[in-house]
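# Quick one, what's the 3D model for this:
(4 chains)
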There are 2 protein chains.
Amino acid sequence: MSVDISKQAIKRIPVYLHYLKEQKNSGAKIISAPFVAAALNLNEVQVRKDFAAMSTTRGKPKTGFILDELIDNMEVIAGYNNANEAILVGAGSLGKALLSYRGFEEYGLDIVAAFDNDEKIVGNIIGGKQILALSEIEKFCKENKVNIGIITVPAQAAQDVCDVLVDSGIRAVWNFAPANLTVPPGILVQNENMAASLALLSKHLREQIKKQ
Amino acid sequence: MSVDISKQAIKRIPVYLHYLKEQKNSGAKIISAPFVAAALNLNEVQVRKDFAAMSTTRGKPKTGFILDELIDNMEVIAGYNNANEAILVGAGSLGKALLSYRGFEEYGLDIVAAFDNDEKIVGNIIGGKQILALSEIEKFCKENKVNIGIITVPAQAAQDVCDVLVDSGIRAVWNFAPANLTVPPGILVQNENMAASLALLSKHLREQIKKQ
DNA sequence: TAGATTGTTAATCGATTAACAATC
DNA sequence: TAGATTGTTAATCGATTAACAATC
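Residues are numbered from 1 along each chain as shown, chains lettered A, B, ... in the order given. Take a look at the predicted model:
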């Protein structure tokens, strides 16, 4: 963990963790990089480098890494154990969907409230979370030491919402809008642009169909 | 469009399109790369290169690109106009959320049915889409010429589902499970790994908090 | 010891950014 | 013409992959 870990390597952690836990349940105690690489269809050197960067202890030549230790180390890096509190802004179609999704807790994300500017839905409860007015964001964040803001508003409103979040003391933004957000240094914007994924899928399909 | 367009450039298309359409609505007819770059906070050369690669006609020095043409070209590449039919496998928490989400149509994705192995929910209708049994996937796909499969099952089941989809004639897989899928050549796997995004967010937060 | 696995340095690759000539 | 913008070639950067020595 002393070495710098690349962004791409961190993104692979959930995949590693899932497999390593599976192996642990099967009774394994030790695991080697080439073994994992073969199982996950990844390059051997990549896995070796990732493990070397993520593990607090060195691997043992000829045997590998201690499974429990590796899992612990990765969970710390990926924040699976410490719950991060988040708010969600924009309780439209996508926002509602994410509020109802029960899977984020497993990865250490806890959505504590949602906000929307539509008075008709303010006061409602979706997925057990209350919808509050946009005007209450700053007060809520400061009182509840919220660090993460999830943006699920339309693209044209995304930057304004982002600015409010930053003013409210948010340190990381998870942006689901197809918009390029500008933030001060020190604030992270993580884009989850499903439209971008669809664009790639679509381009691939068009090329595949053209080939025939 | 003659030039090869990089994956990253294609991912930027939704962001470009949103902004270009906004400009069109404001009455603009012509747009230059440096102008867009400034507005979206992107590198000028990057935008210039993207536009050059995506536009069927060349830009005019000193003026720029014809807005309508640029929008059309990008929509074709990103497949906004031709509806791609998709099925979703795994109607659990995340699957239900995506089925209820009304936003994909805008980007040319049409989820026509969902599949699950839980007999208790087979036959239900979520978001207007019927839930069918897993055993019917192949028949359904072949009869309805479905090209895209969306995987929202738990990670340990993802590869099996993927294999079924490939056998059913699917050409592109949108994978929401934190699993590394293996597919034959010619099939695209697009990972939408939200756990990966959360890992990055979490790492950033830990570093920010440590700094103080 | 022999051989598998680790760790590290070098080469490669894709994408971004810089520099600059061509054009309207 | 002068100047802004395009298109293209070269330099840089981050990440992946290859090569190889060190170690148990």
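
# okay, A:Phe115: pLDDT?
On pLDDT, A:Phe115 comes in at 98.

# just A:Asn124 next, same as before
So A:Asn124 comes in at 97 (pLDDT).

# wait, it sits on A:Ile131?
Yes: contact criterion CB atoms under 8 Å: A:Asn124 and A:Ile131 qualify, at 4.9 Å. Every residue, glycine included, has its C-beta placed from N, CA and C.

# Which neighbouring elements make contact with the helix or strand where A:Lys139 lies?
Assessed by DSSP states H and E, A:Lys139 sits inside helix A:137-143. Under the contact criterion of 3 or more CB pairs under 8 Å, 6 or more residues apart in numbering or on different chains; DSSP states H and E, helix A:137-143 touches strand A:84-89, strand A:109-116, helix A:155-167.

# Could I get the CA-only coordinates of the last one as CSV?
I take that to be helix A:155-167. Extracted in CSV, the C-alpha atoms of helix A:155-167 (Å, rounded to 0.1, in the frame of the first residue of the first chain):
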residue,chain,number,x,y,z
ALA,A,155,-27.7,17.6,-17.4
GLN,A,156,-28.5,21.3,-17.6
ALA,A,157,-29.1,21.5,-13.8
ALA,A,158,-26.0,19.4,-12.8
GLN,A,159,-23.5,22.2,-12.5
ASP,A,160,-25.7,24.3,-10.3
VAL,A,161,-26.4,21.4,-8.0
CYS,A,162,-22.7,20.6,-7.9
ASP,A,163,-21.9,24.1,-6.8
VAL,A,164,-24.4,23.9,-4.0
LEU,A,165,-22.9,20.5,-2.9
VAL,A,166,-19.4,21.9,-2.9
ASP,A,167,-20.5,24.9,-0.8
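
# So is that helix next to chain B?
Yes: under the criterion of CB under 8 Å from any CB of the partner chain, helix A:155-167 makes contact with chain B via A:Ala155, A:Gln156.

# any idea of the angle that helix forms with strand A:109-116?
120 degrees (axes from the mean of the first three to the mean of the last three CA atoms, to 10 degrees).

# List the contacts of helix A:155-167.
A:89-90, A:134, A:137-138, A:141, A:149, A:151, A:153, A:173, A:175, A:177-179, A:181-184, A:187, A:189, B:18, B:22 (CB atoms under 8 Å, 6 or more residues apart in numbering or on different chains).

# Relative to the next helix or strand after that helix, what are the paired strands and their orientations?
Later in the chain than helix A:155-167, the nearest helix or strand by DSSP H and E is strand A:172-175. Using DSSP bridges, strand A:172-175 pairs in its sheet with strand A:148-151 (parallel), strand A:188-191 (parallel).

# Quick check: what element follows the last one along the chain?
Read it as strand A:188-191. Counting by DSSP H and E, the next helix or strand C-terminal to strand A:188-191 is helix A:194-211.

# Show me how far stretch A:84-101 is from its chain's centre.
14 Å (CA atoms, centre = their mean, to the nearest Å).

# of all the helices and strands packed on helix A:137-143, which lies closest to A:Arg102?
strand A:109-116 (10.5 Å; CB to CB).

# got the buried residues for that closest one?
By 16 or more other CB atoms under 10 Å in any protein chain shown, the buried positions in strand A:109-116 come out as A:Leu109, A:Ile111, A:Val112, A:Ala113, A:Ala114, A:Phe115, A:Asp116.

# roughly how far apart are the third one and chain B?
Put plainly, it is A:Val112. For A:Val112, the distance to chain B (CB to the nearest CB, to the nearest Å) stands at 15 Å.

# so A:Ile148 makes contact with A:Leu88?
No: counting by CB under 8 Å, A:Ile148 stays clear of A:Leu88, with 9.4 Å between them.

# A:Thr182: what secondary structure?
Put simply, A:Thr182 is coil when judged by DSSP: H, G, I helix; E, B strand; the rest coil.
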